[in-house]
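J.: heads up, no residue letters with this:
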């Protein structure tokens, strides 16, 4: 029995970046041998075992044969005669198809170390096209490694286009789409995930609500980049620079979905996009099984981002009404999340990248002033029942009005 460290752990060692998980491949063994050695079986479709002490995953070397559509349509073969080279051949990218023996020697039959040196994401073999999930995985690796200079090899991008055109992507489950999207949101450059999917034609299949934004014009005065799809990528990039929060990053990416359904005769104006976008965001989140906390912020950002941009022009009563609708009194942290998305939207425009989002200070201070109006003080003044909330709201409006006057002086 021979044991090899494989995949991401070897790749990340060579890149000199933190290694989070160790995956191991066992050559020359059987499931019975593993169980007799104290390993715990956890694999449903192929033999994966947990080490009795470290609980790290050990998989028997295997090969795969495509038998039906989708990413689960494979027959796995595992036996003592499967070599480490055979196992590595079934992997997606050369940089993930490197093994290391206990002495630290690399087994690299597909030249992954060279591709790491040359900063290329390249498929191992033409079997790449058998698994549609690999399109999303490559896009996610592009997002993870772009800041280190990695790009997708042209021949690999061509295979991704082939998969996108084949209909295979339609067999991906919503959960797997969200899983890869969510992972991309935790990378240094999440916008690359969307950009690569758009470039290979996959975005219109898996996330058509985002794909339709490309080619939709906006007023050049406010959006020198003009194209709404390009703006979305720029906003995604800015959001990633402003916060590590995947929830905020997600909301920023989908804030303008309403512009995708604006009638062409109204272009480049999108006066109703905050309203029309809410329904689209909700439908997308339901379809792709997006968690509620992601959905809820995304809906709020979609609905309110234009109001926040124009906060100084809003009446104090309107601003307090927005605070009420967002339920900020109970969850004040949502205001910071909302303002981060709005700042990303503001900065995600050609020539605006370095400009401060000054209105955030005004909105934050206005909320802080309003939040100081205490219900207990209202009760002490003799108000009862629903009069309490009504009077508290009136006082909040007056407090914001006074603050606004002082702010503008």
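T.: Yes, it's here. All figures in this text were calculated on a predicted structure; none of them were measured in a lab.
J.: ok, residue 328 - how many residues close by?
T.: When neighbours are counted by other CB atoms under 10 Å, residue 328 registers 18. C-beta coordinates here come from the backbone N, C-alpha and C atoms, glycine included.
J.: check contacts around the residue nearest the centre of the chain.
T.: Note on the chain: the residue nearest the mean C-alpha position is residue 185, at 3.0 Å, using CA atoms, centre = their mean. Contact analysis of residue 185 by CB atoms under 8 Å, 6 or more residues apart in numbering lists 246, 249, 250.
J.: On the pLDDT front, check the spatially closest residue to the first one that is not a sequence neighbour for me.
T.: This points to residue 246. Using CB to CB, 6 or more residues apart in numbering and skipping the chain neighbours, the partner closest in space to residue 246 is residue 185 (3.7 Å). Residue 185 carries a pLDDT value of 98.
J.: cool, the one 10 residues further on as well?
T.: In this model, residue 195 is scored at 98, pLDDT.
J.: try residue 63
T.: For residue 63, pLDDT reads 88.
J.: And for the one 5 residues further on?
T.: The predicted structure scores residue 68 at 58 on the pLDDT scale.
J.: ditto for residue 90
T.: 90.
J.: So it is in contact with residue 63, correct?
T.: Yes. If you go by CB atoms under 8 Å, residue 90 and residue 63 touch, sitting 5.9 Å apart.
J.: Which one's more surrounded, the two?
T.: Legend: neighbour count by other CB under 10 Å for residue 90 and residue 63, higher for residue 90 (20 against 17).
J.: Which element, helix or strand, includes the spatially closest residue to that one that is not a sequence neighbour?
T.: With sequence-adjacent residues excluded and distances taken as CB to CB, 6+ apart, residue 90 is closest to residue 64, at 4.9 Å. Using DSSP states H and E, residue 64 sits within strand 63-66.
J.: Can you tell me which helices and strands that strand packs against?
T.: When contacts are defined as 3 or more CB pairs under 8 Å, 6 or more residues apart in numbering; DSSP states H and E, strand 63-66 sits against strand 74-77, helix 84-89.
J.: wait, doesn't the residue nearest to residue 90 sit right on residue 82?
T.: No. Look at residue 64 against residue 82 with CB under 8 Å: they stay out of range, at 10.8 Å.
J.: Contact partners for the residue nearest to residue 243 when sequence neighbours are not counted?
T.: In space, and not counting its chain neighbours, residue 243 is closest to residue 340: 5.2 Å by CB to CB, 6+ apart. Residues near residue 340 by CB under 8 Å, 6+ apart: 239, 242, 243, 245, 248, 252.
J.: ok, and the most crowded of those residues?
T.: residue 252 (34 neighbours).
J.: Where does pLDDT dip in the stretch 151-300 of the chain?
T.: The model of the stretch 151-300 of the chain has no residue with pLDDT under 70.
J.: Check the contacts of residue 340 and tell me the two furthest apart.
T.: 245 and 252 (9.9 Å; CB to CB).
J.: Not counting its own residues, what contacts the strand holding residue 64?
T.: Under CB under 8 Å, 6+ apart, the answer for strand 63-66 is 73-78, 82, 86-87, 89-90, 127, 130.
J.: Quick check: buried residues in it?
T.: By neighbour count on 16 or more other CB atoms under 10 Å, the buried set for strand 63-66 is 63, 64.
J.: Then stretch 369-376?
T.: 369, 370, 373.
J.: Could you check the pLDDT of the second one?
T.: The reference is to residue 370. For residue 370, the pLDDT comes out at 98.
J.: Is it within a helix or a strand, and which one?
T.: Counting by DSSP H and E, residue 370 is found in helix 359-371.
J.: One more: residue 387?
T.: For residue 387, the host element (DSSP H and E) is helix 386-408.
J.: check contacts around residue 163.
T.: 129, 132, 134, 135, 169, 202.
J.: my read: the fifth one touches residue 207, true?
T.: No. The pair residue 169 / residue 207 is not scored as a contact, 10.5 Å apart, by CB under 8 Å.
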